[in-house]
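1. Quick one: sequence plus predicted model below, questions after.
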Amino acid sequence: MFGLETVAAVLAKHGLVVLAPIAVLEGPIVTVIAAWLASQGLFSLWSVALVVILADLVGDFLLYSIGRWGLNGVPDRWLGRLGLNRPRLDRLAAHFEEKGGRTLLFGKLTHSAGAAVLVAAGLARMPAFRFGWVNLAATVPKSLVFVALGYGFGSAYARIDNWISRVSLVLLAIIVVGGAAWLFYRIGKR
């Protein structure tokens, strides 16, 4: 997207009006930068927290909507090419019926699997009200952690961004390796 210095300059100049759309796209590091600017007296800390929480929720509902109304409108033969045949979609729906809350929390808190889990929740037709409450329960503490991190250590936002990227990459690798191990276990069990 943009360089971090550019994001900081744009936020400092234009304020919370541009924070929301940028936070929808870039979430954690934008939250850190905005909270750091709040520590410098440019914004109210509570306003930053509220805006980033709302922006995160809007972004999550957009991804949920892609799965719920976007992909569910795609013809079955096209979904089949993506490996999303009816039996798999039925298993996905059953999974989200039984373990949707835990799966959503996992996706939100690992950050690496977040977009895929949010789209899958929509594709599984997880009830929007339940999705909203579980998502809110995960979003508030996650956002507040990044606000606190930015408020206390935000001047090191470039280093923080580097760590967020590294942790996300490690979590993604763990998810991929764990998924592959599970798949091989299931195939070997048959």
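-> Alright, I've got the coordinates.

2. so what's the backbone phi/psi at the residue nearest in space to the middle of the chain?
-> Computing the C-alpha centroid of the chain and ranking residues by Cα atoms, centre = their mean puts G114 first, at 4.2 Å. G114 adopts backbone torsions of phi -50, psi -50, taken as degrees, to the nearest 10.

3. Grab the nearest non-local neighbour of it.
-> Using Cβ to Cβ, 6 or more residues apart in numbering and skipping the chain neighbours, the partner closest in space to G114 is G107 (4.8 Å). The C-beta positions use only the backbone N, C-alpha and C, and glycine is treated the same way.

4. Give me the distance between the residue nearest to the centre of the chain and A9.
-> Using Cβ to Cβ, to the nearest Å, G114 is found at 27 Å from A9.

5. Low-confidence stretches in the protein?
-> For the chain, applying pLDDT under 70 flags the ranges 1-2, 4, 72, 157-158, 162, 190.

6. Which helix in it has the most residues?
-> helix 157-189 (DSSP state H).

7. Counting by contacts, list what that one packs against.
-> Contact partners of helix 157-189 among helices and strands, from 3 or more Cβ pairs under 8 Å, 6 or more residues apart in numbering; DSSP states H and E: helix 4-14, helix 16-39, helix 86-110, helix 128-153.

8. for those, which one sits closest to D56?
-> helix 128-153 (4.9 Å; Cβ to Cβ).

9. how big is the angle separating the closest one from helix 157-189?
-> 140 degrees (axes from the mean of the first three to the mean of the last three Cα atoms, to 10 degrees).

10. May I see the buried residues of the longest helix of the chain?
-> Along helix 157-189, these residues count as buried under the neighbour rule (16 or more other Cβ atoms under 10 Å): Y157, I160, D161, I164, S168, I175.

11. what about it, distance to the chain center?
-> Relative to its parent chain, helix 157-189 has a centroid offset of 15 Å by Cα atoms, centre = their mean, to the nearest Å.
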